[in-house]
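Visitor: I would like the atomic coordinates for the input below:
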Amino acid sequence: VIPMPPYPTTRTLLYRDFPDVYAEEFRSSSERYAQHLAAFRDDPNLIGYFMRNEPEWAFEARNVAAEMLEANPGTETRKALAHWLQKRYKDDAADWSVAWGLGLRSFDDVVSKTVPRAAERSEMARQDLWAFSKEMVRAYVGIPGIECNEADPHHLNLGMRYASVSSELLYEAVGVFDVFTINAHEMAPPAKAIAEIAERSRRPVMIGGFHFGALDRGLPSTGLRGVASQRERGIAYRHFVEMAAANPNLVGTRYSILSDQEVLGRFDGENSQIGFVDVCQRPYPELVGSATRAHESVYEVMHGRKKPYVGKAREIPRVGRLILTTPH
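Guide: Next up, the predicted model:
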C-alpha cells in the first residue's frame, strides 16, 4: 500500500485544513494529485492507496459550513452555499431570513458577510449548515477520488486514515472509498467501533495505523502506546494482528512505521521507539519473531481454523515526544 502526496488544497482555507472545494483551483490541484498514481496503474504488487492521513478538520465534530462563515468572504464554496440555500428555500429570501433569524436579508449575504457562531445562534441555521457540510465533505473527497480512479482504476482506494470517527460527516465520503480506514492506536482493534463503521459505511474496514513502543532500548518515547519491553512489543503486535484477522469486518492492518524515528524528532518532534528496526537499521528480534508467527497464522485465524493469539502485553504509561524549544 502507498500513501499519496500532500492532499489537494487551495490558497484560501475554509476551516483548519479544509480547502475551498468548489473552486477551480481545488479541481486542478486534484488532477495533479491523482497523476501520482500513473506510475502504479499496472503494478501487480500494489493493493491500494491512502488518500491522506488524519485530516485536521475531522478531529472534532464541527459544523464545517458554519466554521466557513467565520472568515474569508467571497470564496467559491460560500457562493455554492448561497446557490444551495436559494434552491432549498425556493428563491424566497424573506422566508430564509425569518428561518435563520440572524439579520441576513439576501442569499448573497452568506457570500459577502462574516457570520460568527451561526450554528449556535439559530437552530434552522445549524440544521441547514450541517446539511451543507455534508455536501462540502462529498466534494472534498469525491473530486480527488474520482480523479484517482480515472488515473488508476486497478487498485483500491483505501480511504483517509481518519484519526477517529468524530461525526457522521466522515461517512459522507464513502462513495469513492473501497475500504474505510481508521487509525487505532490501542492495545487491540476496537471491535464495537469497527462493527459500527462497517455497518454505517457499508465498506470493509482497515486499521491504517497502530504501533507499540518501549523504553528498554532505543529512543526516549513510546509513541502513542507504550509497553514494558521489546518482548512485550512482540506480544502486543501478535495479539493485535491476530485479533484483527479474527474480526470479519476487518480486511487488514498497517503498522505505523518500519524504522524508529529520528532521535532529534521529525517535523513535529515525534522521536518514538516504534519501528521494526532501529535508527541503524538493526532489527528488533523480539518484534520481528512475533510478527513472523502472526503472519504465518493470520489466514488460518481469518478462516476460523485457528484461535487468535491472546497474550496480554504489559502496558506502561505513554512517554511523549521530544519538545523542541526555540532559543530566545
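Visitor: hey, what's the residue nearest to the spatial centre of the chain bridged with?
Guide: Residue closest to the average C-alpha location in the chain (C-alpha atoms, centre = their mean): residue 162, at 2.1 Å. With DSSP bridges applied, residue 162 shows beta-bridge pairing to residue 182.
Visitor: Pull up the gap between it and residue 193, please.
Guide: 11 Å (C-beta to C-beta, to the nearest Å). Where you see a C-beta, it was placed from the backbone N, CA and C, and this is true even at glycine.
Visitor: Mind listing the shared neighbours of these two?
Guide: Residues touching both residue 162 and residue 193 (C-beta atoms under 8 Å, 6 or more residues apart in numbering) are residue 182.
Visitor: related to what we said a few turns ago, isn't the residue nearest to the centre of the chain right next to residue 184, touching?
Guide: No - the pair residue 162 and residue 184 fails to qualify as a contact (C-beta atoms under 8 Å) at a distance of 10.2 Å.
Visitor: quick one: residue 58 and residue 166, what's the gap?
Guide: 6 Å.
Visitor: okay, these two: which has more neighbours?
Guide: When neighbours are counted by other C-beta atoms under 10 Å, residue 58 and residue 166 differ, and residue 58 comes out ahead with 24 against 14.
Visitor: show me what contacts that one?
Guide: 160, 162, 163, 166, 167, 169, 170.
Visitor: tally of neighbours for the last one?
Guide: The one in question is residue 170. As a burial measure, residue 170 scores 23 neighbours (other C-beta under 10 Å).
Visitor: my guess is it contacts residue 162, does it?
Guide: Yes - between residue 170 and residue 162 there is a contact under C-beta under 8 Å: 5.9 Å.
Visitor: and the lowest-mean-pLDDT helix or strand in the chain, how far from the chain's centre?
Guide: Within the chain, confidence by mean pLDDT, DSSP states H and E is lowest for strand 2-3 among all helices and strands, at a mean of 94. Once both centres are worked out by C-alpha atoms, centre = their mean, to the nearest Å, strand 2-3 turns out to sit 13 Å from its chain's centre.
Visitor: from now on call the first residue 402
Guide: Sure, I'll start numbering at 402, so the last one becomes strand 403-404.
Visitor: And the following helix or strand past that strand, what does it pack against?
Guide: As assigned by DSSP states H and E, the chain's next helix or strand after strand 403-404 is strand 414-416. Using 3 or more C-beta pairs under 8 Å, 6 or more residues apart in numbering; DSSP states H and E, the elements in contact with strand 414-416 are helix 465-469.
Visitor: Using PDB, write out the CA atom coordinates for the helix or strand following the helix it packs on.
Guide: Per DSSP H and E, the first helix or strand lying C-terminal to helix 465-469 is helix 477-489. Output in PDB follows, covering the C-alpha atoms of helix 477-489 (Å, rounded to 0.1, in the frame of the first residue of the first chain):
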ATOM      1  CA  GLU A 477     -16.400  29.700  -4.300                       C
ATOM      2  CA  THR A 478     -17.800  27.400  -1.600                       C
ATOM      3  CA  ARG A 479     -19.700  30.300   0.000                       C
ATOM      4  CA  LYS A 480     -21.100  31.000  -3.400                       C
ATOM      5  CA  ALA A 481     -22.200  27.400  -3.700                       C
ATOM      6  CA  LEU A 482     -23.800  27.700  -0.300                       C
ATOM      7  CA  ALA A 483     -25.800  30.700  -1.400                       C
ATOM      8  CA  HIS A 484     -27.000  28.900  -4.500                       C
ATOM      9  CA  TRP A 485     -27.900  25.800  -2.400                       C
ATOM     10  CA  LEU A 486     -29.900  27.900   0.100                       C
ATOM     11  CA  GLN A 487     -31.700  29.700  -2.700                       C
ATOM     12  CA  LYS A 488     -32.800  26.400  -4.100                       C
ATOM     13  CA  ARG A 489     -33.600  25.000  -0.700                       C
END
